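Engineer: what follows is a protein structure lacking sequence information:
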């Protein structure tokens, strides 16, 4: 449960800052009483397969910000040898979010940063993650955005597959 503090800032029961405002499909805050995206469990990490399935569904439906939240929870709960992979996946999802929002500079920065982290797992990624393909997708999309801007990128250009089709 999130409560506003005396200063008007949302805090959880332990006093940590939280933003309880509803958000749109791109993660932008909405007025407090507005309907928004249904909340995800607060920082609750799913099992890796479930997290990847949900993140893929969210990416496929144009809700990369929500996918980022799922992947970030997995990153924070991952064993040390997988943390860079999950962090990179979350960063690629944030890069897609920036692209959807029209922020070319943020998109290219996060796509490159995330893609480089994921690339470190090419050939050895756990959970069926296609690390080489994700890294290549992120680099290619960043290159296209830098070269041509966001306008020519169609919805098909945002189609990222985290794992091989199963």
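Structural biologist: Received it, and whenever you're ready, just let me know what you need. Everything numeric here is computed off the predicted structure, so don't read it as measured data.
Engineer: what is the neighbour count of residue 102?
Structural biologist: 12 (other CB atoms under 10 Å). For every residue, glycine as well, the C-beta is placed using N, CA and C.
Engineer: what does stretch 90-105 contact?
Structural biologist: For stretch 90-105, contacts defined as CB atoms under 8 Å, 6 or more residues apart in numbering pick out 26-28, 55, 59, 62, 64-65, 67-68, 71-72, 74-75, 106-115, 117-118, 134, 137-138, 141-142, 145-146, 149-150, 153, 158, 160.
Engineer: tell me the centre residue of this protein?
Structural biologist: In the chain, the C-alpha closest to the average C-alpha coordinate belongs to residue 68, at a distance of 2.0 Å (CA atoms, centre = their mean).
Engineer: next structured bit after the host helix or strand of residue 109?
Structural biologist: For residue 109, the enclosing helix or strand under DSSP states H and E is helix 104-119. Next helix or strand after helix 104-119 toward the C-terminus (DSSP H and E): helix 131-148.
Engineer: counting contacts, what elements does that following helix pack onto?
Structural biologist: On a contact count with 3 or more CB pairs under 8 Å, 6 or more residues apart in numbering; DSSP states H and E, helix 131-148 meets helix 83-101, helix 104-119.
Engineer: and the angle from it to helix 104-119?
Structural biologist: Angle, helix 131-148 to helix 104-119, by axes from the mean of the first three to the mean of the last three CA atoms, to 10 degrees: 160 degrees.
Engineer: give me the spatial nearest neighbour of residue 124, chain neighbours excluded.
Structural biologist: Setting aside the residues directly before and after it, residue 124 is nearest to residue 131 in space (CB to CB, 6 or more residues apart in numbering), at 7.8 Å.
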